[in-house]
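Visitor: just a sequence and a predicted model for now, questions to come.
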Amino acid sequence: MDDASAALTVDARGVVTGWSEGARRLTGFAADEAVGRPVRDLLAGEPGSGEIPPGRPPLPVGAVTARHRDGHALTLRIAVCPLDGPRNETAGYVITAAPAGARETSPAGQVFEQSSLPISLFDAEHRLVRLNAAACEALGGSEETLLGRSFLDAAGLSEHTRSIDRTMRTVAETGRPMRDETYSQAAADPDPHAWDVEMWPLRDTTGRVIGTALAGLDSTEQHRARRRLALIDEATTALGTTLDAVRTAEELVALLVPEFADFAAVDLLDWVLDAEAPPPRDDPDIVMRRVAHASAGPDAPATVVPLGRTDAYPPYSPPARALREGRAVLAGAGEDGFDHWMAEREPQSLRTAAARASRIHAELAVPLLARGTRLGVAVALRNLRPEKFAEDDAVLAEEIAGRAAVSVDNARRFARERATAMTLQNSLLPKVRPGQAAVEIAHRYLPTASAAGIGGDWFDVIPLSGTRVALVVGDVVGHGIPSTATMGRLCTAVRTLADVDLPPEELLTHLDDLVAHLTADDRDDIPELGATCLYAVYDPVSRLLTVAAAGHPAPALLLPDGTCRLVPLNAGPPLGVGGMPFEATELRLPEGCVVAFYTDGLVAGRGRDIDHATEELCRALTVPRESLDALCDVVLKRVLPEEPGDDVALLLARTRALGAGQVAARDVAPDPEEVAAVRKWALDLLSAWGLEDISFVTELVVSELVTNAVRYGEPPIRLRLIRDRTLICEVTDASSTSPHLRRAHAFDEGGRGLLLVAQLTQRWGSRQADGGKTIWAEQALPRR
């Protein structure tokens, strides 16, 4: 024991029985003045009265205030050790005393004092009786001011200190060591710290618990590292759940508030949100649009920029600096740029008096950079939590912002590709015009909103000769611009082949060859798996529907009596497989049937039963509706899932029929003299139909077409006139030789007939059929 320490002994009643030289030097009292007196007489103030309860030490352990012989007060640190007597009774105590703050010289005491871990000792009443320098620093006081105080009194009241106090009392009651983890703000440090706190019981020589000990390990860095890793891990799953830039921005601010910041916002450059806009030029003031923000509570900063509004950021502002420099910018109170920036915004951004008392003191602006492109800025502010943003925070924010930026850029690229594909697809999809005689048409096209992109679904309605109409629906496998471009090729090819007036099965054979050739080119923009297609021709004169399919779902047929079924059809292989024939199915339909053509996106999909979906389609078609347009909506609502995974094309056609008064036909004998009789028959028919105004042109057309058939064709020969929105003249013979326009020379006697027909009519052509050909011409009806 050093010169500043004292030792004395007292009996069980608390009377001094031994007094050391150190005690004399410390208190000024000689041995003969102290021995025989109650030890409590040496305390400052009123001496203790009454008997000391059995088993209780005569002096409190820890800090006491004693009285020096010359009258001044001494703050001493007391330790009491009981002395065992006979029959395990306490015979007395050894008391050591030292001035509060005096350093220990014993090896054990030096280890206690020099430990970097805060260590505190508490007595049975949970009062501090000893603590080392590290504990004094953590609690923000000196040993003289802390000894004798409870833990809550010394450390302050908070949820974390109350948890430690409860655990420490449990240790005293149970005698078992325990551990607690807490994250709180130390009294002497403005920044919160994480602590791993170990607590264990203190026992006397008999094993009785006489107090508790507490040691804390500052694990702030480990805690912050775990938080950073947890945020990065959460960012992996929380960011970019959709291909939507605004939704990604909302996910980012939700990740930052309140775990990382008291307020966070994401501002994007306008061109990022416009799929067709180019990147902007560099301007002195950066203008961005607010797409997401979040606040930790009513006392946290509030936004000064409403969602959807733009704001200009001057060059000195942290967001503008971050975007310009391409790195995270830390700013805080006392910096010129930050103070100037906050002076413009903070008075509006603080909503309550409590918030104004705790102004924004730290800002972290992080650029959203992806693939070398500047997209916007994420801003984090702090005013409720006292700690500023550190370099580690900047690294963390850059990591998270980088992940968000990639998701935003993916969304931007997806939006741009989708817009391009939609524009291309809209330009390639047919413009179905009303007003043809064969069918009444209604249609819907729904592009998918999935990440796969726009698909290659298409439909078409192609007028054919003789008032017939071709109904087409197809689907290119795959998504995106390549599929849309392939769809455009196929759609054009189908129109070209339809103009040749090939039967459905032959048309699909030619289309199959085309897809096979495209696939053989081994080009990246051609989907590998080809396409499906359904081609149908309806004739309103014969009411005959001819359908052929290449790997496509069969259409649904709603009869006038209200029954609905699928058309029995051999679907055949998809286009591009090659080597397999296609078969056509013919149906003679009553007038007023509804035929539903569709792509597989309507009835197929992940987890869907196609049979059940087609049954639902048939049930939906039987729902009475005033128009085909309304029936389209019913079908989509009842059959289509809420989030379809593929494009959907739906084409409804209600069949019409031309009455007997609109069609007239007669056989023609293979004799040139028969031409005059045919002309007279045609003129009489025009008179009956009230079409005398076009009789001259019709007489010429009938004469030329019948003459060509008699001269160059083979019997039987047949003439048919159809009156619809135009007047159609058709001459059929058994020859398969197609006519050709040619320029007649000056002295030729013939060769001008078809040229006259082409000049005098709207359009003309020929089509092949089993056992011959048909030459036809259309002319406009007179205006009424």
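Guide: Thanks, I have the structure now.

Visitor: which regions of the stretch 651-784 of the chain sit below the pLDDT cut-off?
Guide: Scanning the stretch 651-784 of the chain for pLDDT under 70 picks out 740-752, 784.

Visitor: just the strands from it, written as ranges.
Guide: For the stretch 651-784 of the chain, strands defined by DSSP state E, counting those that start in this stretch occupy the ranges 663-668, 717-723, 726-733, 763-769, 772-780.

Visitor: mind listing the strands the shortest one pairs with, and their directions?
Guide: Just to be clear, that refers to strand 663-668. strand 717-723 (antiparallel) (DSSP bridges).

Visitor: same question for the longest one.
Guide: Looking at strand 772-780 with DSSP bridges, its partner strands are strand 726-733 (antiparallel), strand 763-769 (antiparallel).

Visitor: buried residues in it, which are they?
Guide: Neighbour counts using 16 or more other C-beta atoms under 10 Å place 772, 773, 774, 775, 776, 777, 778, 779 of strand 772-780 among the buried residues. C-betas here are computed from N, CA, C, even on glycine.

Visitor: what do you get for stretch 314-328?
Guide: Residues 317, 318, 319, 320, 321, 322, 323, 328 are the ones in stretch 314-328 that count as buried (16+ other C-beta under 10 Å).

Visitor: out of those residues, who's nearest residue 417?
Guide: residue 323 (25.5 Å; C-beta to C-beta).

Visitor: helix or strand: which one has the closest one?
Guide: In the assignment (DSSP states H and E), residue 323 maps to helix 318-325.

Visitor: chain center to that helix: distance?
Guide: Centroid separation between helix 318-325 and its chain, computed with C-alpha atoms, centre = their mean, to the nearest Å, is 27 Å.

Visitor: which residues touch the next helix or strand after that helix?
Guide: Where DSSP H and E defines the elements, the next helix or strand beyond helix 318-325 is strand 329-332. For strand 329-332, contacts defined as C-beta atoms under 8 Å, 6 or more residues apart in numbering pick out 318-319, 321-322, 337-338, 341, 361-366, 388-391, 393-394.

Visitor: show me those residues that map onto strands.
Guide: Secondary structure from DSSP state E places 362, 363, 364, 365, 366 of the contacts of strand 329-332 in strands.

Visitor: wait, which of those residues is closest to residue 759?
Guide: Closest approach between the ones in strands among the contacts of strand 329-332 and residue 759, by C-beta to C-beta: residue 366, at 73.2 Å.

Visitor: possible to save the ones in strands among the contacts of strand 329-332 as TSV with neighbour count and distance to residue 247?
Guide: What follows is the ones in strands among the contacts of strand 329-332, written out as TSV (neighbours: other C-beta atoms under 10 Å; distance: C-beta to C-beta, whole Å):
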residue	neighbour count	distance to residue 247
362	22	28
363	29	25
364	29	23
365	30	22
366	31	19
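
Visitor: just flag the most distant two among those residues.
Guide: Of all pairs in the ones in strands among the contacts of strand 329-332, the most separated under C-beta to C-beta is 362 and 366 at 13.5 Å.

Visitor: any common contacting residues for those two?
Guide: With C-beta under 8 Å, 6+ apart, residue 362 and residue 366 have no common neighbours.

Visitor: picking that back up, tabulate the buried residues of stretch 314-328 in a markdown table, adding columns for distance to residue 684 and pLDDT.
Guide: Converted to a markdown table, these look like this (distance: C-beta to C-beta, whole Å; pLDDT from 0 to 100):
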| residue | distance to residue 684 | pLDDT |
| --- | --- | --- |
| 317 | 90 | 89 |
| 318 | 92 | 90 |
| 319 | 87 | 91 |
| 320 | 87 | 90 |
| 321 | 91 | 90 |
| 322 | 89 | 91 |
| 323 | 84 | 90 |
| 328 | 92 | 92 |
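
Visitor: tell me which of those is nearest to residue 26?
Guide: Among the buried residues of stretch 314-328, and counting by C-beta to C-beta, the member closest to residue 26 is residue 328, at 59.1 Å.

Visitor: quick one: stretch 611-627 to chain centroid distance?
Guide: Offset of stretch 611-627 from its chain centre (C-alpha atoms, centre = their mean): 34 Å.

Visitor: low-confidence ranges in the stretch 101-250 of the chain?
Guide: Within the stretch 101-250 of the chain, the segments meeting pLDDT under 70 span 101-111, 183-192, 205, 223.

Visitor: if we go to 50?
Guide: 188 (pLDDT under 50).

Visitor: and for the stretch 451-600 of the chain?
Guide: 451, 525-527.

Visitor: if we go to 70?
Guide: For the stretch 451-600 of the chain, the stretches with pLDDT under 70 are 451-455, 480, 521-529.

Visitor: quick one, helices of it?
Guide: Taking DSSP state H, counting those that start in this stretch, the helices of the stretch 451-600 of the chain run over residues 481-499, 504-520.

Visitor: quick one: closest of the ones you listed to residue 681.
Guide: Judged by C-beta to C-beta, the one of the helices of the stretch 451-600 of the chain that comes nearest to residue 681 is helix 481-499, at 30.6 Å.

Visitor: coming back round to it: same list, the ones in strands among the contacts of strand 329-332, but as JSON lines with pLDDT please.
Guide: Converted to JSON lines, these look like this (pLDDT from 0 to 100):
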{"residue": "362", "pLDDT": "89"}
{"residue": "363", "pLDDT": "90"}
{"residue": "364", "pLDDT": "92"}
{"residue": "365", "pLDDT": "93"}
{"residue": "366", "pLDDT": "95"}
